[in-house]
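1. Can you look at this prediction? I've put the sequence above it.
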Amino acid sequence: MSHHLLEFKDVRFRYPDGTEALKGVSFLVTHGESVGIVGANGAGKSTVLLHMNGYLLPTSGAVTVGEVPLRKETRPDIRRKVGVVFQNPDDQLFMPTVFDDVAFGPLNLGLPPDRVRERVHEALRQVNALALADKPPHHLSGGQKSAVAIATVIAMKPDILVMDEPAASLDPKSRRSVIGLLNSFAHSKIVASHDLDLILDVCARCLVIRDGAIVADGPAHEILSDATLLAENNLELPLTLQGRTVREGARR
Amino acid sequence: MSFETAYSGIGRLDRLSYRDSAVHRLDPRAKVVATSLFAVAVVSFPRYEVLSLFPFFLFPILVAALGDIPAGFIARKVVAVSPFAVFVGIFNPLFDLSRVAIAPGVEISAGWISFASILVKFALTISAALLLIATTSFPGICRGLRRLGLPALFVSQLLFLYRYLFVLLEEAMRVVRARDMRSFGKQGTGMKVFVRIAGTLFLRTVERAERIYGAMLARGFRGDVPSMRRETFRPSDAFFVLASGCFFAVCRFVPVPRMIGRLVGGFTG
(Lines give C-alpha, C1' and ligand atoms only; values in the text may rest on other atoms or scores of the structure.)
Protein backbone atom coordinates (compact mmCIF):
# COMPACT_ATOMS: atom_id res chain seq x y z
CA MET A 1 0.00 0.00 0.00
CA SER A 2 2.15 2.77 -1.29
CA HIS A 3 -0.11 5.56 0.00
CA HIS A 4 1.07 4.97 3.54
CA LEU A 5 4.70 5.59 2.72
CA LEU A 6 6.66 8.42 4.29
CA GLU A 7 9.97 9.21 2.74
CA PHE A 8 12.69 11.75 3.60
CA LYS A 9 15.33 12.12 0.86
CA ASP A 10 18.46 14.07 1.80
CA VAL A 11 16.42 16.63 3.72
CA ARG A 12 18.35 19.68 4.84
CA PHE A 13 16.93 22.49 6.89
CA ARG A 14 18.36 25.77 8.05
CA TYR A 15 16.47 27.92 10.58
CA PRO A 16 16.19 31.62 9.70
CA ASP A 17 18.85 32.43 12.30
CA GLY A 18 21.39 30.33 10.35
CA THR A 19 21.40 27.22 12.52
CA GLU A 20 21.67 24.16 10.32
CA ALA A 21 19.28 21.78 12.07
CA LEU A 22 19.12 18.98 9.50
CA LYS A 23 22.13 18.00 7.43
CA GLY A 24 20.82 15.45 4.97
CA VAL A 25 18.24 13.18 6.58
CA SER A 26 17.05 10.17 4.58
CA PHE A 27 14.74 7.35 5.63
CA LEU A 28 11.67 5.49 4.46
CA VAL A 29 8.76 4.41 6.64
CA THR A 30 6.44 1.84 5.06
CA HIS A 31 2.85 0.89 5.76
CA GLY A 32 2.10 -0.21 9.31
CA GLU A 33 5.62 0.33 10.59
CA SER A 34 6.25 1.73 14.04
CA VAL A 35 9.39 3.80 14.24
CA GLY A 36 11.02 5.43 17.24
CA ILE A 37 13.20 8.51 16.86
CA VAL A 38 15.73 9.08 19.63
CA GLY A 39 18.64 11.43 20.14
CA ALA A 40 20.13 13.99 22.50
CA ASN A 41 18.48 17.32 23.24
CA GLY A 42 18.87 19.58 20.24
CA ALA A 43 19.81 16.72 17.89
CA GLY A 44 17.00 17.62 15.49
CA LYS A 45 14.17 15.26 16.49
CA SER A 46 11.51 17.96 16.68
CA THR A 47 12.69 19.56 13.45
CA VAL A 48 12.26 16.21 11.68
CA LEU A 49 8.74 15.85 13.10
CA LEU A 50 7.79 19.37 12.03
CA HIS A 51 8.69 18.45 8.44
CA MET A 52 6.35 15.48 8.44
CA ASN A 53 3.20 17.57 8.14
CA GLY A 54 4.75 20.55 6.42
CA TYR A 55 4.88 22.94 9.36
CA LEU A 56 8.46 23.41 8.15
CA LEU A 57 9.49 22.97 4.53
CA PRO A 58 12.94 21.55 3.71
CA THR A 59 15.59 24.01 2.56
CA SER A 60 16.71 21.30 0.16
CA GLY A 61 15.87 17.64 -0.36
CA ALA A 62 12.40 16.12 -0.52
CA VAL A 63 9.69 14.78 1.78
CA THR A 64 7.09 12.51 0.20
CA VAL A 65 3.91 11.23 1.83
CA GLY A 66 2.18 8.52 -0.14
CA GLU A 67 2.79 9.74 -3.65
CA VAL A 68 2.47 13.40 -2.77
CA PRO A 69 5.63 15.46 -2.59
CA LEU A 70 5.59 18.02 0.25
CA ARG A 71 5.24 21.52 -1.17
CA LYS A 72 3.45 24.61 -0.05
CA GLU A 73 0.41 23.77 -2.19
CA THR A 74 0.21 20.13 -1.09
CA ARG A 75 0.32 20.87 2.63
CA PRO A 76 -3.45 20.61 3.28
CA ASP A 77 -3.44 17.22 1.58
CA ILE A 78 -0.41 16.05 3.58
CA ARG A 79 -1.92 17.23 6.85
CA ARG A 80 -4.93 15.06 6.15
CA LYS A 81 -2.64 12.02 5.90
CA VAL A 82 -0.21 12.74 8.70
CA GLY A 83 -1.56 13.46 12.17
CA VAL A 84 0.86 15.08 14.59
CA VAL A 85 0.38 14.99 18.36
CA PHE A 86 2.52 17.68 19.92
CA GLN A 87 4.41 17.35 23.15
CA ASN A 88 2.41 19.70 25.36
CA PRO A 89 -1.31 18.84 25.39
CA ASP A 90 -2.09 22.41 26.46
CA ASP A 91 -0.85 23.54 23.06
CA GLN A 92 -2.74 20.79 21.32
CA LEU A 93 -6.08 21.37 23.04
CA PHE A 94 -7.07 24.89 22.13
CA MET A 95 -10.85 24.64 21.98
CA PRO A 96 -13.12 25.40 24.95
CA THR A 97 -14.42 21.86 25.43
CA VAL A 98 -13.09 18.37 24.73
CA PHE A 99 -15.91 17.75 22.25
CA ASP A 100 -15.20 20.93 20.29
CA ASP A 101 -11.53 20.13 20.26
CA VAL A 102 -11.93 16.64 18.88
CA ALA A 103 -14.50 17.97 16.37
CA PHE A 104 -12.16 20.73 15.17
CA GLY A 105 -10.22 18.53 12.72
CA PRO A 106 -13.20 16.65 11.23
CA LEU A 107 -15.13 19.93 10.82
CA ASN A 108 -12.17 21.42 8.99
CA LEU A 109 -12.19 18.38 6.72
CA GLY A 110 -15.69 19.52 5.75
CA LEU A 111 -17.57 16.50 7.11
CA PRO A 112 -21.32 16.85 7.76
CA PRO A 113 -22.36 17.28 11.43
CA ASP A 114 -23.60 13.69 11.86
CA ARG A 115 -20.35 12.23 10.63
CA VAL A 116 -18.40 14.65 12.82
CA ARG A 117 -20.34 13.55 15.88
CA GLU A 118 -19.69 9.91 14.99
CA ARG A 119 -15.98 10.51 14.57
CA VAL A 120 -15.74 12.40 17.86
CA HIS A 121 -17.48 9.62 19.75
CA GLU A 122 -15.39 6.94 18.09
CA ALA A 123 -12.10 8.73 18.79
CA LEU A 124 -13.00 9.47 22.40
CA ARG A 125 -14.16 5.91 22.96
CA GLN A 126 -10.87 4.63 21.57
CA VAL A 127 -8.91 6.60 24.17
CA ASN A 128 -11.42 5.88 26.97
CA ALA A 129 -12.37 9.53 27.34
CA LEU A 130 -16.00 9.56 26.21
CA ALA A 131 -17.14 10.77 29.63
CA LEU A 132 -14.98 13.89 29.30
CA ALA A 133 -16.69 15.22 26.17
CA ASP A 134 -18.29 18.29 27.76
CA LYS A 135 -15.42 19.23 30.05
CA PRO A 136 -13.12 22.16 29.38
CA PRO A 137 -9.47 21.08 28.94
CA HIS A 138 -8.33 22.95 32.06
CA HIS A 139 -10.47 20.65 34.23
CA LEU A 140 -8.61 17.54 33.02
CA SER A 141 -5.68 15.74 34.60
CA GLY A 142 -2.40 15.38 32.74
CA GLY A 143 -3.16 11.82 31.68
CA GLN A 144 -6.64 12.75 30.47
CA LYS A 145 -5.22 15.68 28.49
CA SER A 146 -2.74 13.38 26.75
CA ALA A 147 -5.46 10.89 25.89
CA VAL A 148 -7.72 13.62 24.49
CA ALA A 149 -4.82 15.14 22.53
CA ILE A 150 -4.36 11.78 20.83
CA ALA A 151 -8.12 11.58 20.18
CA THR A 152 -8.08 14.98 18.44
CA VAL A 153 -5.67 13.57 15.90
CA ILE A 154 -7.13 10.09 15.40
CA ALA A 155 -10.55 11.68 14.80
CA MET A 156 -9.10 12.87 11.49
CA LYS A 157 -8.27 9.27 10.56
CA PRO A 158 -4.72 9.94 9.43
CA ASP A 159 -2.68 7.23 7.65
CA ILE A 160 0.37 8.05 9.72
CA LEU A 161 0.42 9.02 13.39
CA VAL A 162 3.34 11.16 14.55
CA MET A 163 3.97 11.82 18.21
CA ASP A 164 6.43 13.98 20.11
CA GLU A 165 7.01 12.70 23.66
CA PRO A 166 3.52 11.20 24.03
CA ALA A 167 4.03 10.24 27.68
CA ALA A 168 6.23 13.03 29.02
CA SER A 169 5.34 14.10 32.56
CA LEU A 170 2.66 11.45 32.99
CA ASP A 171 2.39 9.30 36.09
CA PRO A 172 3.39 5.65 35.52
CA LYS A 173 -0.17 4.39 35.23
CA SER A 174 -1.20 7.04 32.68
CA ARG A 175 2.03 6.40 30.81
CA ARG A 176 1.22 2.68 30.71
CA SER A 177 -2.26 3.37 29.33
CA VAL A 178 -0.82 5.66 26.63
CA ILE A 179 1.53 2.82 25.65
CA GLY A 180 -1.42 0.41 25.49
CA LEU A 181 -3.27 2.97 23.37
CA LEU A 182 -0.39 3.36 20.92
CA ASN A 183 -0.07 -0.39 20.56
CA SER A 184 -3.76 -0.68 19.74
CA PHE A 185 -3.39 1.46 16.59
CA ALA A 186 -2.77 -0.21 13.27
CA HIS A 187 -1.51 3.10 11.79
CA SER A 188 2.03 3.70 10.78
CA LYS A 189 3.50 5.30 13.88
CA ILE A 190 6.44 7.57 14.41
CA VAL A 191 7.32 8.39 18.01
CA ALA A 192 10.06 10.75 19.16
CA SER A 193 10.94 10.35 22.82
CA HIS A 194 13.61 10.20 25.48
CA ASP A 195 11.57 7.49 27.14
CA LEU A 196 13.49 4.57 25.66
CA ASP A 197 11.41 1.96 27.47
CA LEU A 198 8.35 3.39 25.76
CA ILE A 199 10.07 3.17 22.37
CA LEU A 200 11.04 -0.41 23.16
CA ASP A 201 7.41 -1.24 24.02
CA VAL A 202 5.83 0.53 21.05
CA CYS A 203 8.29 0.53 18.15
CA ALA A 204 9.82 -2.25 16.07
CA ARG A 205 12.35 0.04 14.45
CA CYS A 206 14.45 2.88 15.80
CA LEU A 207 16.34 5.83 14.30
CA VAL A 208 19.07 7.67 16.16
CA ILE A 209 19.63 11.31 15.22
CA ARG A 210 22.77 13.23 16.06
CA ASP A 211 23.63 16.74 14.89
CA GLY A 212 20.93 16.76 12.26
CA ALA A 213 21.82 13.44 10.66
CA ILE A 214 20.78 9.85 11.13
CA VAL A 215 23.58 7.84 12.73
CA ALA A 216 21.77 4.56 13.26
CA ASP A 217 18.68 2.87 11.83
CA GLY A 218 17.64 -0.66 12.70
CA PRO A 219 15.48 -2.95 14.84
CA ALA A 220 14.62 -1.18 18.11
CA HIS A 221 15.79 -4.00 20.36
CA GLU A 222 19.24 -3.99 18.69
CA ILE A 223 19.73 -0.24 18.73
CA LEU A 224 18.42 0.20 22.25
CA SER A 225 20.69 -2.51 23.64
CA ASP A 226 23.85 -0.99 22.13
CA ALA A 227 25.23 0.75 25.22
CA THR A 228 28.12 2.47 23.37
CA LEU A 229 25.90 3.92 20.65
CA LEU A 230 23.43 5.15 23.23
CA ALA A 231 26.12 6.73 25.39
CA GLU A 232 27.49 8.60 22.37
CA ASN A 233 24.06 10.18 22.02
CA ASN A 234 23.53 11.27 25.63
CA LEU A 235 21.24 8.28 26.11
CA GLU A 236 21.50 5.19 28.26
CA LEU A 237 20.14 1.66 28.20
CA PRO A 238 16.39 1.42 28.76
CA LEU A 239 15.70 0.61 32.42
CA THR A 240 14.23 -2.76 31.51
CA LEU A 241 17.54 -3.73 29.89
CA GLN A 242 19.77 -2.45 32.68
CA GLY A 243 19.45 -5.65 34.70
CA ARG A 244 19.77 -3.82 38.01
CA THR A 245 17.92 -4.90 41.08
CA VAL A 246 16.73 -2.51 43.75
CA ARG A 247 19.06 -4.00 46.35
CA GLU A 248 22.08 -3.51 44.15
CA GLY A 249 21.19 0.16 43.64
CA ALA A 250 20.49 0.70 47.32
CA ARG A 251 23.76 -0.85 48.45
CA ARG A 252 25.85 1.61 46.49
CA MET B 1 -5.96 39.84 47.85
CA SER B 2 -3.10 37.55 46.92
CA PHE B 3 -2.61 36.23 43.44
CA GLU B 4 -3.56 32.71 44.43
CA THR B 5 -6.86 33.61 46.11
CA ALA B 6 -7.83 35.74 43.12
CA TYR B 7 -7.06 32.81 40.87
CA SER B 8 -9.01 30.30 42.92
CA GLY B 9 -11.99 32.70 42.90
CA ILE B 10 -12.08 32.66 39.10
CA GLY B 11 -11.63 28.91 39.12
CA ARG B 12 -14.57 28.48 41.47
CA LEU B 13 -16.85 30.64 39.35
CA ASP B 14 -15.85 28.53 36.37
CA ARG B 15 -16.51 25.25 38.16
CA LEU B 16 -19.94 26.43 39.29
CA SER B 17 -20.88 26.98 35.66
CA TYR B 18 -20.49 23.27 34.89
CA ARG B 19 -23.05 22.16 37.49
CA ASP B 20 -26.40 20.82 36.52
CA SER B 21 -29.60 22.62 37.57
CA ALA B 22 -32.79 23.99 36.09
CA VAL B 23 -31.03 27.30 35.45
CA HIS B 24 -27.89 25.67 34.04
CA ARG B 25 -30.00 23.70 31.60
CA LEU B 26 -31.62 26.79 30.07
CA ASP B 27 -30.41 27.78 26.61
CA PRO B 28 -27.48 30.23 26.91
CA ARG B 29 -29.26 32.61 24.54
CA ALA B 30 -32.26 32.77 26.87
CA LYS B 31 -30.03 33.67 29.80
CA VAL B 32 -28.02 36.22 27.83
CA VAL B 33 -31.20 37.94 26.62
CA ALA B 34 -32.86 37.90 30.06
CA THR B 35 -29.75 39.28 31.75
CA SER B 36 -29.46 42.04 29.15
CA LEU B 37 -33.13 42.99 29.59
CA PHE B 38 -32.57 43.02 33.34
CA ALA B 39 -29.57 45.35 33.03
CA VAL B 40 -31.43 47.72 30.69
CA ALA B 41 -34.47 47.84 32.97
CA VAL B 42 -32.36 48.55 36.06
CA VAL B 43 -30.17 51.19 34.44
CA SER B 44 -33.12 52.99 32.86
CA PHE B 45 -34.45 54.21 36.23
CA PRO B 46 -33.98 57.93 36.91
CA ARG B 47 -31.04 58.89 39.09
CA TYR B 48 -32.96 59.60 42.31
CA GLU B 49 -34.79 56.29 42.32
CA VAL B 50 -33.85 53.87 45.08
CA LEU B 51 -36.92 52.20 46.49
CA SER B 52 -38.39 51.08 43.16
CA LEU B 53 -35.18 49.17 42.44
CA PHE B 54 -35.58 46.73 45.30
CA PRO B 55 -38.11 44.36 43.69
CA PHE B 56 -35.45 43.62 41.06
CA PHE B 57 -33.38 41.79 43.68
CA LEU B 58 -35.91 38.98 43.36
CA PHE B 59 -34.36 38.01 40.00
CA PRO B 60 -30.77 37.35 41.16
CA ILE B 61 -32.05 35.74 44.35
CA LEU B 62 -34.30 33.35 42.41
CA VAL B 63 -31.59 32.53 39.87
CA ALA B 64 -29.08 31.83 42.65
CA ALA B 65 -31.56 29.66 44.55
CA LEU B 66 -32.74 27.66 41.52
CA GLY B 67 -29.22 27.43 40.13
CA ASP B 68 -27.81 26.16 43.41
CA ILE B 69 -25.25 28.97 43.52
CA PRO B 70 -24.02 29.99 47.00
CA ALA B 71 -25.33 33.53 47.49
CA GLY B 72 -22.52 34.41 49.89
CA PHE B 73 -19.89 33.70 47.23
CA ILE B 74 -21.62 36.00 44.71
CA ALA B 75 -22.12 38.70 47.37
CA ARG B 76 -18.41 38.64 48.25
CA LYS B 77 -17.52 39.00 44.56
CA VAL B 78 -19.86 42.00 44.26
CA VAL B 79 -18.25 43.63 47.28
CA ALA B 80 -14.79 42.92 45.86
CA VAL B 81 -15.48 44.99 42.73
CA SER B 82 -17.63 47.63 44.49
CA PRO B 83 -14.82 50.22 44.74
CA PHE B 84 -15.47 51.04 41.07
CA ALA B 85 -19.08 51.98 41.81
CA VAL B 86 -18.11 53.83 44.98
CA PHE B 87 -15.64 55.99 43.04
CA VAL B 88 -18.20 56.74 40.35
CA GLY B 89 -20.72 58.03 42.90
CA ILE B 90 -18.64 59.26 45.83
CA PHE B 91 -18.74 62.92 44.84
CA ASN B 92 -22.50 63.09 44.30
CA PRO B 93 -23.24 63.93 47.95
CA LEU B 94 -20.70 66.78 47.78
CA PHE B 95 -21.89 68.38 44.55
CA ASP B 96 -25.61 67.71 44.63
CA LEU B 97 -26.67 69.62 47.74
CA SER B 98 -30.39 70.22 47.17
CA ARG B 99 -32.37 69.05 50.19
CA VAL B 100 -34.87 66.22 49.99
CA ALA B 101 -37.21 64.96 52.66
CA ILE B 102 -37.10 61.18 52.98
CA ALA B 103 -39.35 60.92 56.02
CA PRO B 104 -41.37 63.49 57.93
CA GLY B 105 -38.80 65.80 59.50
CA VAL B 106 -35.70 64.06 58.04
CA GLU B 107 -33.90 65.87 55.23
CA ILE B 108 -30.74 64.83 53.40
CA SER B 109 -28.97 66.14 50.32
CA ALA B 110 -30.15 64.67 47.02
CA GLY B 111 -26.59 63.59 46.31
CA TRP B 112 -26.83 60.86 48.92
CA ILE B 113 -29.89 59.48 47.21
CA SER B 114 -28.31 59.37 43.77
CA PHE B 115 -25.22 57.78 45.35
CA ALA B 116 -27.40 55.08 46.93
CA SER B 117 -29.16 54.61 43.60
CA ILE B 118 -25.83 54.03 41.86
CA LEU B 119 -24.78 51.46 44.46
CA VAL B 120 -28.05 49.56 44.24
CA LYS B 121 -27.99 49.55 40.43
CA PHE B 122 -24.39 48.36 40.55
CA ALA B 123 -25.15 45.54 43.00
CA LEU B 124 -28.09 44.41 40.85
CA THR B 125 -26.33 44.40 37.48
CA ILE B 126 -23.07 42.92 38.69
CA SER B 127 -24.74 40.13 40.63
CA ALA B 128 -26.89 39.32 37.59
CA ALA B 129 -23.81 39.24 35.36
CA LEU B 130 -21.90 37.04 37.82
CA LEU B 131 -24.87 34.70 38.05
CA LEU B 132 -25.04 34.49 34.27
CA ILE B 133 -21.41 33.37 34.25
CA ALA B 134 -21.92 31.05 37.23
CA THR B 135 -24.90 29.29 35.64
CA THR B 136 -23.72 29.17 32.02
CA SER B 137 -20.45 27.70 30.86
CA PHE B 138 -18.35 30.29 29.10
CA PRO B 139 -18.29 28.32 25.84
CA GLY B 140 -22.09 28.20 26.13
CA ILE B 141 -22.27 32.00 26.45
CA CYS B 142 -20.00 32.36 23.44
CA ARG B 143 -22.11 30.00 21.35
CA GLY B 144 -25.16 31.99 22.45
CA LEU B 145 -23.57 35.30 21.48
CA ARG B 146 -22.49 33.84 18.14
CA ARG B 147 -26.00 32.72 17.36
CA LEU B 148 -27.37 36.06 18.48
CA GLY B 149 -25.25 37.59 15.72
CA LEU B 150 -21.92 38.57 17.29
CA PRO B 151 -19.18 38.31 14.59
CA ALA B 152 -17.25 35.01 14.53
CA LEU B 153 -13.93 36.78 15.00
CA PHE B 154 -14.94 38.29 18.36
CA VAL B 155 -16.35 35.00 19.55
CA SER B 156 -13.14 33.15 18.65
CA GLN B 157 -11.16 35.76 20.57
CA LEU B 158 -13.34 35.25 23.64
CA LEU B 159 -13.01 31.48 23.38
CA PHE B 160 -9.24 31.61 23.17
CA LEU B 161 -9.17 34.09 26.04
CA TYR B 162 -11.14 31.66 28.16
CA ARG B 163 -9.11 28.62 27.11
CA TYR B 164 -5.73 30.18 27.85
CA LEU B 165 -6.64 32.42 30.78
CA PHE B 166 -6.18 29.49 33.14
CA VAL B 167 -3.02 28.23 31.45
CA LEU B 168 -1.47 31.69 31.60
CA LEU B 169 -2.57 32.35 35.17
CA GLU B 170 -1.08 29.07 36.28
CA GLU B 171 2.16 29.90 34.54
CA ALA B 172 2.20 33.32 36.21
CA MET B 173 1.46 31.69 39.55
CA ARG B 174 4.45 29.39 39.21
CA VAL B 175 6.75 32.30 38.37
CA VAL B 176 5.42 34.35 41.29
CA ARG B 177 5.93 31.38 43.61
CA ALA B 178 9.50 30.92 42.42
CA ARG B 179 10.16 34.60 43.05
CA ASP B 180 8.63 34.59 46.52
CA MET B 181 10.57 31.51 47.54
CA ARG B 182 13.86 33.16 46.80
CA SER B 183 13.15 36.74 47.77
CA PHE B 184 13.33 36.43 51.59
CA GLY B 185 11.31 39.48 52.50
CA LYS B 186 10.90 42.48 50.30
CA GLN B 187 13.89 42.48 47.97
CA GLY B 188 12.31 40.41 45.23
CA THR B 189 8.91 42.05 45.14
CA GLY B 190 10.01 45.38 43.66
CA MET B 191 8.77 46.99 40.47
CA LYS B 192 11.89 46.05 38.54
CA VAL B 193 11.42 42.35 39.14
CA PHE B 194 7.74 42.62 38.35
CA VAL B 195 8.48 44.22 34.99
CA ARG B 196 10.92 41.43 34.13
CA ILE B 197 8.42 38.76 35.13
CA ALA B 198 5.81 40.41 32.92
CA GLY B 199 8.33 40.44 30.07
CA THR B 200 9.17 36.76 30.51
CA LEU B 201 5.52 35.81 30.60
CA PHE B 202 4.90 37.80 27.43
CA LEU B 203 7.69 36.03 25.56
CA ARG B 204 6.46 32.65 26.73
CA THR B 205 2.98 33.54 25.58
CA VAL B 206 4.24 34.44 22.12
CA GLU B 207 6.07 31.12 21.86
CA ARG B 208 3.04 29.26 23.06
CA ALA B 209 0.84 31.07 20.55
CA GLU B 210 3.14 29.89 17.81
CA ARG B 211 2.92 26.27 18.97
CA ILE B 212 -0.86 26.48 19.22
CA TYR B 213 -1.06 27.90 15.72
CA GLY B 214 1.06 24.96 14.55
CA ALA B 215 -1.34 22.54 16.22
CA MET B 216 -4.28 24.30 14.56
CA LEU B 217 -2.67 24.13 11.13
CA ALA B 218 -1.93 20.44 11.69
CA ARG B 219 -5.65 19.86 12.00
CA GLY B 220 -6.65 21.71 8.89
CA PHE B 221 -7.24 25.24 10.23
CA ARG B 222 -7.81 27.70 7.39
CA GLY B 223 -8.88 30.86 9.14
CA ASP B 224 -12.28 30.00 10.56
CA VAL B 225 -12.93 28.26 13.88
CA PRO B 226 -15.77 25.87 13.19
CA SER B 227 -18.32 25.01 15.84
CA MET B 228 -21.27 22.70 16.03
CA ARG B 229 -24.74 23.67 17.10
CA ARG B 230 -25.84 21.85 20.18
CA GLU B 231 -28.52 23.80 22.00
CA THR B 232 -32.08 23.92 20.86
CA PHE B 233 -34.33 26.72 21.98
CA ARG B 234 -37.09 24.91 23.86
CA PRO B 235 -40.49 26.19 25.07
CA SER B 236 -39.09 26.37 28.61
CA ASP B 237 -36.39 28.79 27.38
CA ALA B 238 -39.00 30.97 25.70
CA PHE B 239 -41.06 30.87 28.87
CA PHE B 240 -38.05 31.93 30.96
CA VAL B 241 -37.36 34.94 28.71
CA LEU B 242 -41.02 35.91 28.56
CA ALA B 243 -41.63 35.54 32.30
CA SER B 244 -38.53 37.45 33.34
CA GLY B 245 -39.27 40.10 30.68
CA CYS B 246 -42.79 40.60 32.08
CA PHE B 247 -41.46 40.72 35.62
CA PHE B 248 -38.92 43.41 34.67
CA ALA B 249 -41.59 45.41 32.84
CA VAL B 250 -43.89 45.31 35.86
CA CYS B 251 -41.10 46.33 38.22
CA ARG B 252 -40.05 49.08 35.85
CA PHE B 253 -43.41 50.70 35.20
CA VAL B 254 -45.51 49.85 38.26
CA PRO B 255 -44.39 51.38 41.57
CA VAL B 256 -44.45 48.07 43.43
CA PRO B 257 -42.91 49.18 46.77
CA ARG B 258 -45.36 52.09 47.02
CA MET B 259 -48.27 49.76 46.39
CA ILE B 260 -47.04 47.38 49.05
CA GLY B 261 -46.59 50.34 51.37
CA ARG B 262 -50.15 51.49 50.71
CA LEU B 263 -51.44 47.96 51.22
CA VAL B 264 -49.63 47.59 54.54
CA GLY B 265 -50.68 51.11 55.49
CA GLY B 266 -54.28 50.17 54.67
CA PHE B 267 -54.15 47.24 57.04
CA THR B 268 -52.55 49.07 59.94
CA GLY B 269 -54.26 52.40 59.40
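-> Sure thing, it's come through. Numbers count the residues shown, from 1 in each chain, chains lettered A, B, ... in the order given.
2. tell me the secondary structure for the spatially most central residue of chain A?
-> Ranked by distance to the mean C-alpha position of chain A (CA atoms, centre = their mean), the top residue is residue A:163 at 1.2 Å. When states are read from DSSP: H, G, I helix; E, B strand; the rest coil, the local structure at residue A:163 comes out as strand.
3. now the one 4 residues further on
-> Following three-state DSSP, we place residue A:167 in the coil state.
4. how much space between it and residue A:122?
-> The span separating residue A:167 from residue A:122 equals 23 Å under the rule CB to CB, to the nearest Å. Any C-beta I mention is one placed from the backbone N, CA and C, and that applies to glycine too.
5. what about the strand or helix carrying residue A:149 and chain B, any contact?
-> Taking DSSP states H and E as the definition, one finds residue A:149 inside helix A:142-154. Yes. Contact of helix A:142-154 with chain B is found when judged by CB under 8 Å from any CB of the partner chain, involving A:152-153.
6. Pull out the buried residues from that helix.
-> For helix A:142-154, the neighbour count (16 or more other CB atoms under 10 Å in any protein chain shown) marks A:143-154 as buried.
7. Now pLDDT too, for those residues, in JSON lines please.
-> Converted to JSON lines, the buried residues of helix A:142-154 look like this (pLDDT from 0 to 100):
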{"residue": "A:143", "pLDDT": "88"}
{"residue": "A:144", "pLDDT": "91"}
{"residue": "A:145", "pLDDT": "92"}
{"residue": "A:146", "pLDDT": "90"}
{"residue": "A:147", "pLDDT": "90"}
{"residue": "A:148", "pLDDT": "93"}
{"residue": "A:149", "pLDDT": "92"}
{"residue": "A:150", "pLDDT": "91"}
{"residue": "A:151", "pLDDT": "92"}
{"residue": "A:152", "pLDDT": "93"}
{"residue": "A:153", "pLDDT": "92"}
{"residue": "A:154", "pLDDT": "90"}
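8. of those, closest to residue B:7?
-> residue A:145 (19.3 Å; CB to CB).
9. Surely the closest one touches residue A:88?
-> No. Counting by CB atoms under 8 Å, residue A:145 does not reach residue A:88; the two are 9.1 Å apart.
10. Get me the contact residues on chain A for chain B.
-> A:50, A:53, A:55, A:76, A:79-80, A:83-84, A:86, A:88, A:90-97, A:100, A:103-105, A:107-109, A:113, A:116-117, A:134-139, A:152-153, A:156.
11. Going by neighbour count, which of these are buried?
-> A:50, A:53, A:55, A:79-80, A:83-84, A:86, A:88, A:90-97, A:100, A:103-105, A:107-109, A:116-117, A:135-139, A:152-153, A:156.
12. out of the residues you listed, which are inside strands?
-> The members of these that map onto strands under DSSP state E are A:83-84.
13. Looking at the buried ones among the residues of chain A next to chain B, which are in helices?
-> Residues of those located in helices (DSSP state H): A:50, A:79-80, A:90-92, A:100, A:103-105, A:107-108, A:116-117, A:152-153.
14. looking at chain A, which helix or strand is least sure?
-> When the helices and strands of chain A are scored by mean pLDDT, DSSP states H and E, helix A:246-251 comes last with a mean of 60.
15. For burial, what's the neighbour tally of residue 194?
-> This is for chain A. When neighbours are counted by other CB atoms under 10 Å in any protein chain shown, residue A:194 registers 15.
16. Let me rephrase: I mean chain B.
-> Around residue B:194 sit 13 other residues, with neighbours defined as other CB under 10 Å.
17. Repeat that for residue A:204.
-> Using other CB under 10 Å as the criterion, the residues surrounding residue A:204 number 13.
18. pretty sure it is touching residue A:32, no?
-> No. With contact defined as CB under 8 Å, residue A:204 does not reach residue A:32; the gap is 9.6 Å.
19. can you list the weak-confidence ranges in the chain?
-> Reading this off chain A. Screening chain A residue by residue with the criterion pLDDT under 70, one finds the ranges A:1-4, A:245-252.
20. wrong one, chain B
-> With pLDDT under 70 as the threshold, chain B has low-confidence stretches at B:1-3, B:185-189, B:229-230, B:266-269.
21. residues from it in reach of chain A?
-> Counting by CB under 8 Å from any CB, the residues of chain B that sit close to chain A are B:14-15, B:18, B:137-139, B:142, B:159-160, B:162-164, B:166-167, B:208, B:211-212, B:214-222, B:225-229.
22. quick one: which of these sit in helices?
-> Using DSSP H to define helices, the subset of those located there is B:14-15, B:138-139, B:142, B:159-160, B:162-164, B:166-167, B:208, B:211-212, B:214-218.
23. Of the residues you listed, just the buried ones, PyMOL syntax please.
-> Listed next is the PyMOL selection for buried residues among those, using 16+ other CB under 10 Å:
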select buried, chain B and resi 14+138+139+142+159+160+162+163+164+166+167+208+211+212+214+215+216+217+218
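24. Next one: residue A:40 from residue B:109, what distance?
-> Taken as CB to CB, the span from residue A:40 to residue B:109 is 77 Å.
25. what sits against residue 9?
-> By default, I'm working from chain A. Going by CB atoms under 8 Å, 6 or more residues apart in numbering or on different chains, residue A:9 touches A:26, A:61-64.
26. not quite, I wanted chain B
-> With contacts taken as CB under 8 Å, 6+ apart, residue B:9 has the following neighbours: residue B:77.
27. Next: the one 10 residues further on.
-> The neighbourhood of residue B:19, defined by CB under 8 Å, 6+ apart, consists of B:67-68.
28. please redo it, this time with the cut-off set to 10 Å
-> With contacts taken as CB atoms under 10 Å, 6 or more residues apart in numbering or on different chains, residue B:19 has the following neighbours: B:67-69, B:134-135, B:137.
29. Start and end of stretch B:21-33, how far apart?
-> 19 Å (CA to CA, to the nearest Å).
30. I'd say residue A:148 and residue A:138 touch.
-> No. With the criterion set as CB atoms under 10 Å, residue A:148 and residue A:138 do not qualify as a contacting pair; they are 11.9 Å apart.
31. rewinding a little: most surrounded residue in the contacts of residue A:9?
-> Sorting these by how many neighbours each has (other CB under 10 Å) puts residue A:63 first, at 25 neighbours.
32. and it, bridged to which residues?
-> residue A:8 (DSSP bridges).
33. Make sure it is actually in contact with residue A:55.
-> No. The criterion here is CB under 10 Å, and residue A:63 misses it with residue A:55 at 11.4 Å.
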